[in-house]
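> Next input, structure requested:
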Amino acid sequence: MVPVWIAAACGSGRIARPELPQSISPGWKLSSLARAAAPAGVPPDGSPECRKGDYGGPGTVRVWLCGYKVRESAFDAVQRTRTEAQMVKFQEGSYLVLVEWNNVSKENLTALVRAIQKSLQPR
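Residues are numbered from 1 along each chain as shown. This is a model prediction of the structure:
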């Protein structure tokens, strides 16, 4: 008999669909979240499944969430992905997250990034 936790870890090999917050204080609203190709510069190793989301509010923000089947692939991707001006990258679990912004204050961007991080953490 296979222990339940081993069976759950093996799963179907699919990457769970990420859920981003629909609204975040101070006034951020998610206008779209859809499957997308990995942005330029994200290594294809690990076959990431990416989604692109757009937030409007006190500025504009585009978020890419690239999910990997194993956490180590996300770690490798965050190490190898280059960012540009007004872009930040980080790993949350098995996700590489890229956040690109325009006309956003540091405080408002920090609030948005923290809410995204929290939404991707296991419950």
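> what helices or strands is the helix or strand where Phe75 lies leaning on?
Remark: Phe75 resides in helix 71-80, with elements defined by DSSP states H and E. Applying 3 or more Cβ pairs under 8 Å, 6 or more residues apart in numbering; DSSP states H and E, one finds that helix 71-80 contacts strand 59-67, strand 87-92, strand 95-102. All C-beta atoms are positioned from the backbone trio N, CA, C, and that covers glycine.
> what lines up beside the strand or helix carrying Tyr55 in the sheet?
Per DSSP H and E: Tyr55 is located in strand 49-57. Strand 49-57 has its sheet partners listed here by DSSP bridges as strand 28-36 (antiparallel), strand 59-67 (antiparallel).
> Just give me how far the last one sits from the chain centre.
Think strand 59-67. Put simply, strand 59-67 sits 7 Å off its chain's centre (Cα atoms, centre = their mean, to the nearest Å).
> contacts for it?
Strand 59-67 has contacts (Cβ atoms under 8 Å, 6 or more residues apart in numbering) with 15-16, 18, 20, 28, 36, 38-39, 42, 48-55, 74, 77, 94-105, 108-109, 112, 116, 120.
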